[in-house]
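**Q** this one's sequence-less:
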C-alpha cells in the first residue's frame, strides 16, 4: 500500500535550506523520489515538486511557477507523446481541487535567477492555482500547472503521531485561535488539516444535499466553518466547527440563506422550510450552530 502524501512543512527543515543532491532531499522527507519531479501518493494529491530545468516548457518567475507535467518524453528529453492526466499529473490536479499545499524544491539546473548555484534548495509552500493542457514546444500536448507561493507562515500543519492530516480515527487537534494566515487558501475557501479530515470523513459528500462532486482529478468538497474563524467571529478551526459541504451549499450557509435548527434540520432562512435533516456523524458544538443562527442567518 502506498505511503500517504505528507503535506506542508517538514519538521526540522527551513525555507532556503540547501541540499547536496536528490538523495539528501529525500532523506529530509521533502520529496519521496530520487528521480522524477512530482512527489506523493497521487490518489491523495501531490505534496512536492522539483524544479530543475528538466522540461523546456517550464517557466520560473520566483513567486510563481509555470510547471510542466510528467510523461511523454524520449531519452533525449524531447516531448514525443501527449501527456495524460494520470500519476503525478493527476496528483497535482487533485492538490489544486482540494487546496493542498505543494513543497517546491529548486535545483541548480533551473532558471539561474531563482535557482541555487549547486545542489538543491527548499523554497517553501506553493498552491496549485489552475491547470490546463496545451501543445509543447515539440508539438505533443503537455499539462501546465500554475503554482503561486504562499505567504510566509502559511499554515498547513503536518500531522503528529495520533493526529492525521486527513481521515483516520482520531481527529486533528486544530487551532483554537486561527488567524488569517493559519490556513491554505483555495479561492476564498480555507483548507486546513481539520477541514481535510472532515471532508474525508464524509467521503467528499455534502452533509446538506448528499451530492458528491467528481472532477477530473477526483472528488471535491469544501470545509465550511459553522462559526466563522478570525475577525470578530473568533470561531475555532476544530472538527466541532466544520461541515463538509458542496460549493453551492457552502455559499448559502456562509451567507445565512440556510441554517441548522436545534433538531438538526436544515432550513431556509426566509421561509423556514425544512430542506433536509443534517447528515451528522461527528460532533458539532451546539453553540456554534446557535451562533450561526443568530449572527449569520440573523435569527435573533
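**A** Yes, it's here. For clarity, every value in this text was computed on a predicted model and none was experimentally measured.
**Q** Low-confidence ranges, the stretch 1-150 of the chain, go.
**A** Counting by pLDDT under 70, the stretch 1-150 of the chain contains low-confidence ranges at 1-2.
**Q** can you map out the helices along it?
**A** For the stretch 1-150 of the chain, the helices defined by DSSP state H, counting those that start in this stretch cover 22-27, 87-98.
**Q** contact partners of the longest one?
**A** I take that to be helix 87-98. With contacts defined as C-beta atoms under 8 Å, 6 or more residues apart in numbering, helix 87-98 is touched by 5, 36-47, 49, 67, 69-71, 83, 85, 100-102, 127-131, 143, 145, 186, 191, 196, 199, 215-218, 220. C-beta coordinates here come from the backbone N, C-alpha and C atoms, glycine included.
**Q** Select only the buried ones of the residues you listed in ChimeraX?
**A** This is the ChimeraX syntax for the buried subset of the contacts of helix 87-98, where burial follows 16 or more other C-beta atoms under 10 Å:
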select :5,37,38,39,40,41,42,44,45,46,47,49,67,69,70,71,83,85,100,101,102,127,128,131,143,145,186,191,196,199,217,218,220
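**Q** For the closest residue to residue 208 other than its chain neighbours, give me the backbone phi and psi.
**A** Closest residue to residue 208 apart from its sequence neighbours, by C-beta to C-beta, 6 or more residues apart in numbering: residue 249 at 4.3 Å. With angles defined as degrees, to the nearest 10, residue 249 sits at phi -70, psi -30.
**Q** how about residue 249, what does it touch?
**A** Residues near residue 249 by C-beta under 8 Å, 6+ apart: 206, 208-209, 224, 258.
**Q** out of the residues you listed, who's nearest residue 285?
**A** Set against residue 285, the nearest of the contacts of residue 249 by C-beta to C-beta is residue 224 (14.3 Å).
**Q** May I ask which of the contacts of residue 249 has the most neighbours?
**A** Among the contacts of residue 249, residue 224 has the most neighbours (other C-beta atoms under 10 Å), with 27 neighbours.
**Q** per-residue pLDDT, that residue?
**A** With respect to pLDDT, residue 224 has a value of 94.
**Q** Please apply the same query to the one 5 residues further on.
**A** The predicted structure scores residue 229 at 85 on the pLDDT scale.
**Q** Quick check: residue 56 vs residue 39, distance?
**A** To residue 39, residue 56 is 21 Å away according to C-beta to C-beta, to the nearest Å.
**Q** what about residue 132, how many residues close to it?
**A** For residue 132, the neighbour count with other C-beta under 10 Å is 9.
**Q** show me what contacts it?
**A** 143-144.
**Q** now residue 171
**A** Listed by C-beta under 8 Å, 6+ apart, the contact set of residue 171 reads 194, 197, 239, 282.
**Q** same thing with residue 209?
**A** Taking C-beta under 8 Å, 6+ apart, we find residue 209 in contact with 246, 248-249, 275-276.
**Q** Among those residues, name the buried ones.
**A** Buried by 16+ other C-beta under 10 Å: 246, 249, 276, out of the contacts of residue 209.
**Q** Now that the last one has come up, it's in contact with residue 266, right?
**A** What it means is residue 276. Yes - if you go by C-beta atoms under 8 Å, residue 276 and residue 266 touch, sitting 4.8 Å apart.
**Q** what do these two both touch?
**A** Common neighbours of residue 276 and residue 266 (criterion: C-beta under 8 Å, 6+ apart): residue 208.
**Q** now the residue nearest to the spatial centre of the chain: how far from residue 151?
**A** By C-alpha atoms, centre = their mean, the chain has its centre lying nearest to residue 100, at 1.5 Å. According to C-beta to C-beta, residue 100 stands 16 Å off from residue 151.
**Q** which residues sit in contact with the nearest residue to residue 37 once chain neighbours are set aside?
**A** Distances taken as C-beta to C-beta, 6+ apart place residue 50 nearest to residue 37, at 4.8 Å, with adjacent residues excluded. For residue 50, the contact set (C-beta under 8 Å, 6+ apart) comprises 22, 25, 31, 36-37, 39, 105-107, 120.
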